[in-house]
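*Asks:* Turn this into a model:
(one chain, ligands or ions: 1)
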Amino acid sequence: MNQNLTTDRQTFVTHLECSITGERYEADQLHGLSRAGRPLLVRYDLDAVRSAVSRDTIEARPTDLWRWRELLPVRHTSNIVSLGEIETPLVPLTRSGGPNVLVKDEGRLPTGSFKARGLVMAVAMAKELGVTKIAMPTNGNAGAALAAYATRCGIETIVFCPDDTPEINVREIAMQGARVWRVNGLIDDCGAIVGKGAAEGRWFDFSTLKEPYRIEGKKTMGLELAAQFGWKLPDAIFYPTGGGTGLIGMWKAFDELEKLGWIGSERPKMFAVQASGCAPIVRAFEAGEEHAERWEDASTVAAGIRVPKAVGDFLILRAVRESGGQALAVGDPAILKAVDAAAKQDGLLLCPEGGATLAAYHQALNTGLVDEDERVVLFNCATGLKYPMPEAPQALDRTRPIDFDAL
Ligand SMILES: *Cc1c(COP(=O)(O)O)cnc(C)c1O
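*Replies:* Okay, here's the model as predicted:
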């Protein structure tokens, strides 16, 4: 068994806090959004964490997500349902990216996407707080991760997806024991159904950022990056942004690490990458707004970032602005071209959302937002194997003479 999970323990959570008003909420109770209708952030006694563990202690542990347990919310390890949440590698993308471009390849996580990070945490907390039935709207990967972890610990799940969610996602959700429904609408239409059922007391609402713990799971991407870069951070991060959980989570991780004295005050430029067919955060960034209006008629091949309205919009925009980064939109043709280039030139199969970060990197390079000397991390959030690929129809008839020169 994983050494990081063998001892039961207490963690260092002190309370939760409304991300917009700062209002305080009790730990160890079930919460959704704050009274102001905004995400709740988990707060820790970081002085106590600092006396309990050091960077060296963390580094001596096996390199999975649970090595960070003092900075995570689960009180009792017995509530954790693990499927093997490994530290994901940084893969150089030398040809299609450049000499200083690394891909954090999240496709290696359980259920093939980084949604596993958020959902392993949220499900453990749901179990700890006695939840028995969960519903969620999803563009695919979150539902798959929820289904896997919740089924594993006997929590019932009902999942709603837009009807054009990739077929493989709908099937993996069903296969992993959830009840899954295709809905003739977008993710926020699915979210409205989940919200109505939750208000009637039918289930607990697991929508992005509507429960407090997915951010804590996604935060581990920032913690891992710090350790992988020798307790420094890269110069720029390109993150495909839907609900923005990961970007918000990494930004929170960097603050906590600095308060612990484990990293300095330098921060990467954060680039929130969206598709031109659904770019509410980019539009709000460019207009200087603090909140983003809903994007009508959203459409893109990158289903994971087809999120017309994000409840944590202001947290994404704040982090991007504070970091000196930018919100960037890339078109579907550029996304598909980038996926093709990474596969053909570097042998790395990206998901479309990962392709979007590569396309955005080149855009940023061309417009001088980053230069080639800067160390850049692109997020590939899911395995490229989950997505449709071009046909490869060539067949060989072995009973006929073979033209070896033509092979
Ligand atoms: C969910 C998802 C995203 C967006 O992540 P957020 O943290 O919600 O913004 C990007 N890519 C893929 C493949 C996803 O599944």
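*Asks:* Any residues of the chain in contact with the ligand? List them.
*Replies:* Counting by CB under 6 Å from any ligand atom, the chain comes close to the ligand at 113, 115, 141-142, 208, 240-246, 304-305, 351, 353, 381-382. Yep, even glycine has a C-beta here, placed from its N, CA and C like the rest.
*Asks:* Out of those, which sit inside helices?
*Replies:* 115, 141, 142, 245, 246, 353 (DSSP state H).
*Asks:* Not counting sequence-adjacent ones, nearest residue to the second one?
*Replies:* Excluding its sequence neighbours, the residue lying closest to residue 141 (CB to CB, 6 or more residues apart in numbering) is residue 113, at 3.9 Å.
*Asks:* now the last one
*Replies:* Sequence neighbours aside, residue 240 is the residue nearest to residue 353 in space, at 3.8 Å (criterion: CB to CB, 6+ apart).
*Asks:* for the fifth one, same thing?
*Replies:* With CB to CB, 6+ apart as the criterion, residue 246 has its nearest non-adjacent residue at 4.5 Å, and that residue is residue 218.
*Asks:* Pretty sure the one you found sits against residue 116.
*Replies:* No - applying CB atoms under 8 Å, one finds residue 218 not in contact with residue 116, separated by 10.1 Å.
*Asks:* what about these two, which has more around it?
*Replies:* residue 116 (29 against 26; other CB atoms under 10 Å).
*Asks:* pretty sure that one contacts residue 142?
*Replies:* No - checked against CB under 8 Å, the pair residue 116 and residue 142 is beyond contact range at 9.6 Å.
*Asks:* From residue 5, how far off is the residue of the chain found nearest the ligand?
*Replies:* Going by CB to the nearest ligand atom, the ligand is nearest to residue 304 of the chain, at 2.6 Å. According to CB to CB, to the nearest Å, residue 304 stands 29 Å off from residue 5.
*Asks:* the more surrounded of those two?
*Replies:* Neighbour count, other CB under 10 Å: between residue 304 and residue 5, residue 304 has more, with 30 against 16.
*Asks:* mind listing what that one touches?
*Replies:* Residues counted as contacts of residue 304 (CB atoms under 8 Å, 6 or more residues apart in numbering) are 113, 139, 140, 141, 240, 242, 351, 352, 353, 381, 382.
*Asks:* same thing but at 6 Å, please
*Replies:* Applying CB atoms under 6 Å, 6 or more residues apart in numbering, we find residue 304 in contact with 139, 242, 353.
*Asks:* What lies in contact with stretch 156-168?
*Replies:* Counting by CB under 6 Å, 6+ apart, 133-140, 143, 146-147, 150, 170, 173, 178-184, 186-187, 190, 193, 303, 386 sit against stretch 156-168.
*Asks:* about what we covered before: elements contacting the one helix or strand the residue nearest to residue 246 maps to?
*Replies:* Taking DSSP states H and E as the definition, one finds residue 218 inside helix 214-228. Applying 3 or more CB pairs under 6 Å, 6 or more residues apart in numbering; DSSP states H and E, we find helix 214-228 packed against helix 115-128, helix 245-259.
*Asks:* again, only using 8 Å
*Replies:* For helix 214-228, the packing partners by 3 or more CB pairs under 8 Å, 6 or more residues apart in numbering; DSSP states H and E come out as strand 40-44, strand 101-105, helix 115-128, helix 245-259.
*Asks:* residues in contact with the first one?
*Replies:* By that I understand strand 40-44. By CB under 8 Å, 6+ apart, strand 40-44 touches 11-19, 25, 27, 31, 33-34, 71, 73, 212-213, 215-216, 252, 256.
*Asks:* Enumerate the strands of the stretch 151-300 of the chain by residue range, in sequence order.
*Replies:* Secondary structure of the stretch 151-300 of the chain by DSSP state E, counting those that start in this stretch: the strands cover 156-162, 179-183, 204-205, 236-240, 269-275.
*Asks:* just to revisit the earlier point, among the contacts of residue 304, who's most crowded?
*Replies:* residue 353 (33 neighbours).
*Asks:* Hmm, that residue is touching residue 382, no?
*Replies:* Yes - applying CB under 8 Å, one finds residue 353 in contact with residue 382, separated by 6.9 Å.
*Asks:* Pairing partners for residue 104 in the sheet, please.
*Replies:* Judged by DSSP bridges, the bridge partners of residue 104 are residue 90, residue 379.
*Asks:* and it, how far is that from residue 132?
*Replies:* For residue 104, the distance to residue 132 equals 35 Å [CB to CB].
*Asks:* hey, where'd the strands end up in the stretch 301-407 of the chain?
*Replies:* Using DSSP E, counting those that start in this stretch, the strands of the stretch 301-407 of the chain run over 326-330, 376-380.
*Asks:* Residues contacting the last one, please?
*Replies:* Residues from elsewhere that reach strand 376-380 (CB under 8 Å, 6+ apart): 90, 93, 97-98, 100-107, 114, 221, 225, 234-240, 246, 268, 348, 350-351, 353-354, 357-358, 361, 370.
*Asks:* And the first one, by the same measure?
*Replies:* Contacts of strand 326-330 with the rest of the structure, by CB under 8 Å, 6+ apart, involve 241, 269, 271-276, 279, 281-282, 284-286, 316-317, 320, 356, 359-360, 363-364, 369.
*Asks:* Can you tell me which of those are buried?
*Replies:* The neighbour count (16 or more other CB atoms under 10 Å) marks 241, 269, 271-276, 279, 281-282, 284-285, 316-317, 320, 356, 359-360, 363-364, 369 as buried among the contacts of strand 326-330.
*Asks:* Skipping adjacent residues, who's closest to residue 131 in space?
*Replies:* residue 204 (4.7 Å).
*Asks:* ok, now which ones touch the spatially most central residue of the chain?
*Replies:* The geometric centre of the chain, computed from its C-alpha atoms, lies nearest to residue 246 (CA atoms, centre = their mean), at 4.4 Å. Contacts for residue 246 (CB under 8 Å, 6+ apart) come out as 114, 218, 221, 239, 379, 381.
*Asks:* Who are the contact partners of the last one?
*Replies:* Residues near residue 381 by CB under 8 Å, 6+ apart: 106, 107, 113, 114, 141, 240, 246, 304, 351, 353, 354.
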